[in-house]
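**Q** Pasted the sequence and its predicted model underneath.
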Amino acid sequence: MTDDNQIVKEQAKILDDFLIRITDDGFSGTILVSKNDDIILQKGYGYADVNQKREMSSDTLLSVGSISKQFTATAIMKLIEKKLLTVNTTLDKLLDNVPDDKKTIYIYHLLTHTSGLPPMYKDDFDEIPKMEYLKGVFNLELQSEPGKQFDYSNIGYSLLGIIIEKLTNKPYQDYMIEEIFYLAEMYKAGWFEDDRWSEHEVANYYVDGEHTGSILTWKGLCWPILGNGGVCTNVQEMFNWIQALKYNKIISKKSLERIFTPFMEEYGFGWDVYKDDNMFTVYHNGGSTLGVSSFVEWDIRNDIIVIVLSNVILNGQWAAFLMEHGFKKLVYDNLK
């Protein structure tokens with residue numbers, strides 16, 4: 001064994017030992033850690049199905065929650081590269097019957113959560129027709145003037161999904177699979193209720209031990225969640241996703257730099273951004289009250305990737321977030 005291989009093995013053991021300890025405390029999920037394109041650790045912990053004692057594996061499919069927004073943002077940038085719109089295109093140039101107070105909302109505002117739109121309209125699993133959803137959103141009162149304030153808005157990303165449909169003449173999910181997921185080698189990625197998946201491939205979800213369902217039982221193609229959430233995949237495919245961005249397989253380097261340029265609250269296009277003299281890191285969390293908790297971080301300067309997908313809420317807190325900071329510190333202490 002070479003010295004480098006021995007170092008990697010030792011690094012993996014340190015991380016694995018930590019994760020085994022927190023699994024004893026109730027953590028359940030899948031983890032991937034890499035440096036310089038080399039995967040240091042890729043493993044499942046806990047159970048994908050507690051009742052059946054089916055163990056979590058690194059191939060298990062889980063929801064990424066709001067991390068889904070970065071896929072939508074990338075799709076918009078791809079359409080910008082094709083000159084079908086710009087970040088300064090206003091909503092009324094793309095959609096019909098836009099009310100006066102929303103005509104000055106730019107694509108840029110939707111991407112950066114500065115549109116003034118409220119966080120949500122309808123329950124995630126409300127099967128409201130697209131045009132009815134749009135009408136309801138257009139009737140909502142803005143929380144602030146567009147471009148003036150950061151207000152995290154799932155609605156904004158659902159509108160981006162509707163715009164993708166309008167510009168491509170394809171269902172949102174079809175465009176995303178063909179033009180985003182496949183290019184990133186995310187062949188299993190999809191949305192809740194995907195009939196390509198079987199029960200033994202997916203995670204069930206738990207809130208303080210109570211079963212809340214699975215990605216096969218939750219409704220996925222509903223406009224209150226399409227565009228802003230609902231994507232399901234595994235840690236390997238999330239790693240493939242970041243590699244596809246890194247090597248410009250989907251959008252250009254210039255477009256990626258635009259995505260990673262923060263506006264208000266250090267938020268770019270679908271990614272949180274932290275940048276100083278020593279660090280340049282992009283990341284995002286995802287979660288729901290049903291037990292979804294996820295985290296992805298890419299330290300671009302040191303080329304370290306950390307991906308956590310979990311299926312439990314413990315004591316009212318998302319499991320991926322509970323272990324995020326301690327685990328990240330351990331990662332950086334060992335890999336930098």
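**A** Now that the structure is in, tell me what you want to look at. Residues are numbered from 1 along each chain as shown.
**Q** okay, CA-based contacts and neighbour counts for the rest of this
**A** Fine.
**Q** Okay, strands next: where are they in the stretch 1-150 of the chain?
**A** Ranges of strands in the stretch 1-150 of the chain, per DSSP state E, counting those that start in this stretch, are 29-35, 38-45, 47-49, 54-55, 62-63.
**Q** Give me whichever of these is most buried.
**A** strand 62-63 (a mean of 32; mean count of other Cα atoms under 10 Å).
**Q** Excluding its own residues, what touches it? List them.
**A** By Cα atoms under 8 Å, 6 or more residues apart in numbering, the residues outside strand 62-63 that reach it are 202-203, 215, 230-234, 292-294, 309-311.
**Q** contacting residues around residue 138?
**A** Residue 138 is in contact with 98, 99, 102, counting by Cα under 8 Å, 6+ apart.
**Q** circling back: closest to residue 279 among the contacts of strand 62-63?
**A** Lowest distance from residue 279 to the contacts of strand 62-63 (Cα to Cα) belongs to residue 294, with 22.1 Å.
**Q** Give me the neighbour count for the closest one.
**A** Residue 294 has 28 neighbouring residues, counting by other Cα atoms under 10 Å.
**Q** low-confidence ranges in this structure?
**A** Residues of the chain meeting the criterion pLDDT under 70: 1-5, 7, 316, 318-326, 336.
**Q** Going along the chain, name the helices of it.
**A** 3-24, 69-81, 107-111, 130-138, 154-168, 172-176, 235-246, 253-259, 319-322, 324-335 (DSSP state H).
**Q** Buried deepest among these, which one?
**A** Highest mean neighbour count among the helices of the chain (mean count of other Cα under 10 Å): helix 107-111, with a mean of 24.
**Q** Now that one - C-alpha only, CSV.
**A** Provided in CSV are the C-alpha atoms of helix 107-111 (Å, rounded to 0.1, in the frame of the first residue of the first chain):
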residue,chain,number,x,y,z
ILE,A,107,-35.3,36.4,-13.3
TYR,A,108,-32.4,37.6,-11.1
HIS,A,109,-34.8,38.3,-8.2
LEU,A,110,-36.4,34.8,-8.4
LEU,A,111,-33.0,33.2,-8.4
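**Q** Which other helices and strands does that helix contact?
**A** Packing partners of helix 107-111 (3 or more Cα pairs under 8 Å, 6 or more residues apart in numbering; DSSP states H and E): helix 154-168.
**Q** Would you mind pulling the contact partners of the helix it packs on?
**A** Against helix 154-168 from outside (Cα under 8 Å, 6+ apart): 69, 72, 75-76, 84, 94-95, 107, 110-111, 113, 115, 117-121, 130, 134, 137, 171-172, 175, 223-228.
**Q** Next: stretch 262-276.
**A** By Cα under 8 Å, 6+ apart, stretch 262-276 touches 67, 69-73, 111-112, 114, 149-150, 258-261, 280-284.
**Q** of all the helices of the chain, which lies closest to residue 30?
**A** helix 235-246 (6.8 Å).
**Q** Which strands and helices lie in contact with the closest one?
**A** Right, helix 235-246 is packed against strand 29-35, strand 304-310 by 3+ Cα pairs under 8 Å, 6+ apart.
**Q** Format those strands as CSV; extra columns: distance to residue 194.
**A** Listed next are those as CSV, based on distance: least, Cα to Cα, whole Å:
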stretch, distance to residue 194
strand 29-35, 20
strand 304-310, 18
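**Q** Next up, the contacts around residue 69.
**A** Contacts of residue 69 by Cα under 8 Å, 6+ apart are 157, 227, 228, 229, 270.
**Q** And residue 171, by the same measure?
**A** residue 165.
**Q** State the distance from it to residue 157.
**A** Distance, residue 171 to residue 157, by Cα to Cα, to the nearest Å: 15 Å.
**Q** Over to residue 38?
**A** The gap separating residue 38 from residue 157 is 33 Å, by Cα to Cα.
**Q** Please apply the same query to residue 53.
**A** 37 Å.
**Q** Repeat that for residue 197.
**A** 26 Å.
**Q** Residue 87 now?
**A** Counting by Cα to Cα, the gap from residue 87 to residue 157 is 14 Å.
**Q** same thing with residue 274?
**A** Taken as Cα to Cα, the span from residue 274 to residue 157 is 22 Å.
**Q** repeat for residue 229
**A** Going from residue 229 to residue 157 by Cα to Cα gives 9 Å.
**Q** what do you get for residue 50?
**A** 34 Å.
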